[in-house]
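J.: compute the structure for the input listed below.
(chains A and B)
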Protein chains: 2
Amino acid sequence: VSEDAFARGRPVPAEAPERWVPRLPHVRDVGDLDVLPAGFRAAGVACGLKADGASDLGLLVCDEPEATSAARFTRSAVVAAPVTLCRERARLDGLRAVAVNSGNANAATGRMGVEQAARVQGAAGMAAGVPHDRVAVASTGVIGVPLDADLVIRGLVRARAELRPDGAGALARAIVTTDAFPKQVAVDVDLPSGTARVCAQAKGAGMIQPGFATMLCFVQTDAALAPETADLLLGVCVKRSFERISVDGQLSTNDTVLLMASGSSGVRVAPESADELRLGEALDHVLRRLALLCVRDGEGARRIGRVVVRGGDGLAVERVARAVANSPLVKTALFGGDPNWGRIVQAAGMALAGGPEALLDVRIEGVEVCRRGAAVPVDRIALAQAVARSEVEYEVDLPGEGAETEVFFSDLSYEYVRINGEYTT
Amino acid sequence: VSEDAFARGRPVPAEAPERWVPRLPHVRDVGDLDVLPAGFRAAGVACGLKADGASDLGLLVCDEPEATSAARFTRSAVVAAPVTLCRERARLDGLRAVAVNSGNANAATGRMGVEQAARVQGAAGMAAGVPHDRVAVASTGVIGVPLDADLVIRGLVRARAELRPDGAGALARAIVTTDAFPKQVAVDVDLPSGTARVCAQAKGAGMIQPGFATMLCFVQTDAALAPETADLLLGVCVKRSFERISVDGQLSTNDTVLLMASGSSGVRVAPESADELRLGEALDHVLRRLALLCVRDGEGARRIGRVVVRGGDGLAVERVARAVANSPLVKTALFGGDPNWGRIVQAAGMALAGGPEALLDVRIEGVEVCRRGAAVPVDRIALAQAVARSEVEYEVDLPGEGAETEVFFSDLSYEYVRINGEYTT
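T.: Prediction:
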């Protein structure tokens, strides 16, 4: 748990609540979060993009020539230069290195931005000793400012010298922006064919409502995966993790998640095997924990919520869950510890606007507050205590059956306004 | 200008900016805002719904048996009892009275809520001396609390005794909730056939992103209108006013706008006449001014913005304008006086997610900051000064031509969080 988080007055621990991400018997947390899976090395250095001289450049390298990978990027129609470059000029199923900077998103920077990203890709390939098209680049930070690639390239030379098998923490620290703490999860997974390690580092506290991937997240495993398996597992797990969270309802220009598999453990995960199922469960576990860490660390967040919507159809539950999770009225009520469920039915009604009248059931922490659209008498004191905890669960039942979804979200606080009102281009 | 507004630290005057709602030569502000058009009387009293004893019940009566009217209500799928009652049990083309309370929205109150609204309708009909089905009821305030109709009915008896031709101010004050000031506009309109008066009172500072009508707004004119004319004019003008604003992106359960025409002036406005055109312009002017007053008074608002989006198609410009206006990142930047246009292109990219890459032009107060998706060098000091004023205009050009829209919005401040974090059910 970061001291920063507590300094900012948060009562919540920097860990995903177990009731929302249960532990799994075949998945064990690794004692030293910084030790990467076999076959990987990483480093983080300060290259000068952040004005305060903090670490702002990460380099991740896989030493196995046969490494496989998978990737997901933002669905935004305005994408950052590194995303464009990765899509157009990287072998996304065979990545062996990642160069990632914070302090500048290299977004809305035009052709020049893509050229700068290409220069970084080339330099990172030399630093990692791999072909440039097996390097992914990623950036996060302010939008609309040209990236000084010379700073990054000089930093890569230094990062190369610092590459270490226990460099995960250095990488995680190099990618933070408004994050209060770096986000890492590392587990060992017992598969029928042997034990594999899965590590992941993520950043993200604002501009968080991933639409296909999210913010930045790098996942490594020493299992051996076919590229198709890597892609399948990543796709499924991203949908259940980063695509189910929101801090501020804002899809980013830079969202990138990369899974890299070195195969160094010798554990081969065949398609449609028990190994694949188990590894998928572990990856799901890891990514959901990381996604919840992003919500925990949502800009200014003091409390986090989970809204579960059932009934209706797939489109209806998705719309209602997003509307509740992104309502500034719901979020300020969560911040204030106010069980103001009227704002939940209002948000649901907005989400279903134009359709037939929706008579909803609403429960907060299991306490029914609204049945068939009408208020239910409740113990207000018990309810107030329930919403004053660090996590609050809301359930909404729409008419009909057939669909269910969830969204995790952070509250809206004074601190959110301060962070985003004072943050300057 | 309200003293409250200044006490809350706002640099903005409580009037719509003339550059966004130009004065019209045939429309003159009335000196005494409280004087209703001929044929109308109004009153406001405290009936006990608001805990602080403030005015919370308004009664509006038209004394002309031939009065006509038109109405628009929220598109939400969760509607308040008074909206249900008006739709099902009121002659919306021939309304002669309105009973409106603040302090309780009578929403999410089930069958009992509709019955209470019906009791209020009946009592208001007796107080106004008109059939109950010519009475509209409206409510605003907290959702999910049963309405004590007995309080309202006793209040109506007192309100009846206070009905006055100069009661517009009393009505406007009776409907405020988190509003910092009551919202009234009153104009005389020179039509070819004579002079008519248009008065309107509105409330609304939060839960404001009307989808079909908005919050509460009552419009009176002493022109004589066929019901079809009233409906046509109201429909067109609502689309250009209340449907183009947002405080918090939240469609309400209670939005109601009513236009009533007494005909007492003797000025008859025939369909497709020059009179109709001129009166429509005046109504447009009045409703846009009122809509902008709601934005000015957006909960906690210190600055207001207008985003104009051109190009693309109708759906694209609407999505982009709403995404920009409702982005908490854009709104906190507006609050902070930060020309952080990266958040504008990010919001636009989100709105167009899944589509082709969108290379945007962005201007702030006429200063080009982004061209074809890439940053343009700007005079940062001049730009910072431009966004520090009380109103800021943003222009976004999408690829292509063919559509244009605008949304007016308020900023997101500490005060917004305070108001909504402390507001209790």
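J.: what residue lies at the spatial centre of chain A?
T.: A centroid search over chain A (CA atoms, centre = their mean) returns residue A:291, at 4.3 Å, as the residue closest to the centre.
J.: that one touches residue A:247, doesn't it?
T.: No - counting by CB atoms under 8 Å, residue A:291 stays clear of residue A:247, with 10.9 Å between them. Placement of C-beta: from N, CA and C, glycine included.
J.: ok, back up a step: are we agreed that the residue nearest to the centre of chain A is in a strand?
T.: No - secondary structure of residue A:291 (DSSP: H, G, I helix; E, B strand; the rest coil): helix, not part of a strand.
J.: which residue is the nearest non-sequential neighbour of it?
T.: Of all residues not flanking residue A:291 in the chain, residue A:241 sits nearest, at 4.0 Å (CB to CB, 6 or more residues apart in numbering or on different chains).
J.: look up how far residue A:248 lies from the spatially closest residue to residue A:108 that is not a sequence neighbour.
T.: Nearest non-adjacent residue to residue A:108, counting by CB to CB, 6+ apart: residue A:144, 4.4 Å away. Relative to residue A:248, residue A:144 is positioned 18 Å away (CB to CB, to the nearest Å).
J.: which of those two has more residues huddled nearby?
T.: Each of residue A:144 and residue A:248 has its neighbours counted (other CB atoms under 10 Å in any protein chain shown); residue A:144 has more, 27 against 24.
J.: ok, that one - contacts?
T.: A:107-109, A:425, B:341-342, B:345, B:369-370, B:375 (CB atoms under 8 Å, 6 or more residues apart in numbering or on different chains).
J.: would you confirm that residue A:100 belongs to a strand?
T.: Yes - looking at residue A:100 with three-state DSSP, it is inside a strand.
J.: for residue A:106, see how far away it is.
T.: Residue A:100 is 11 Å from residue A:106, by CB to CB.
J.: between those two, which contacts overlap?
T.: Residues touching both residue A:100 and residue A:106 (CB under 8 Å, 6+ apart): residue A:139.
J.: looking at the two, which is more packed in?
T.: Per other CB under 10 Å, whichever of residue A:100 and residue A:106 has more neighbours is residue A:106, with 33 against 28.
J.: tell me how far the residue nearest to the centre of chain A lies from residue A:415.
T.: Using CB to CB, residue A:291 is found at 21 Å from residue A:415.
J.: what do you get for residue A:371?
T.: Residue A:371 is 36 Å from residue A:415, by CB to CB.
J.: same deal with residue A:378?
T.: For residue A:378, the distance to residue A:415 equals 30 Å [CB to CB].
J.: which of those two has more neighbours?
T.: Using other CB under 10 Å, the more surrounded residue of residue A:378 and residue A:415 is residue A:415, with 20 against 15.
J.: am I right that the more buried one sits in a helix?
T.: Yes - applying three-state DSSP, one finds residue A:415 inside a helix.
J.: so the closest residue to it other than its chain neighbours: helix, strand or coil?
T.: Spatial nearest neighbour of residue A:415, excluding adjacent residues (CB to CB, 6+ apart): residue A:300 at 3.1 Å. Using three-state DSSP, the structure places residue A:300 in coil.
J.: need the contact list for residue A:300.
T.: Taking CB under 8 Å, 6+ apart, one finds A:8, A:410-419 in contact with residue A:300.
J.: against residue A:412, how distant is it?
T.: From residue A:300 to residue A:412 the distance is 8 Å (CB to CB).
J.: what is the neighbour count of residue A:377?
T.: 8.
J.: next, it: phi, psi?
T.: Torsion angles at residue A:377 (phi, psi; degrees, to the nearest 10) stand at phi -60, psi 130.
J.: re earlier: so which of the contacts of residue A:144 sit within helices?
T.: Mapping those onto helices (DSSP state H) picks out B:342, B:345.
J.: out of the contacts of residue A:144, which sit inside strands?
T.: Among the contacts of residue A:144, the members falling in strands are B:369-370, B:375 (criterion: DSSP state E).
J.: how about chain A, which residue sits the furthest from its center?
T.: Distance from the C-alpha centroid of chain A, by CA atoms, centre = their mean, peaks at residue A:377 (38.7 Å).
J.: and it, what's its pLDDT?
T.: The model reports residue A:377 with a pLDDT of 92.
J.: what do you get for the one 3 residues further on?
T.: The confidence metric pLDDT takes the value 87 at residue A:380.
J.: now do residue A:202
T.: The per-residue pLDDT of residue A:202 was computed as 88.
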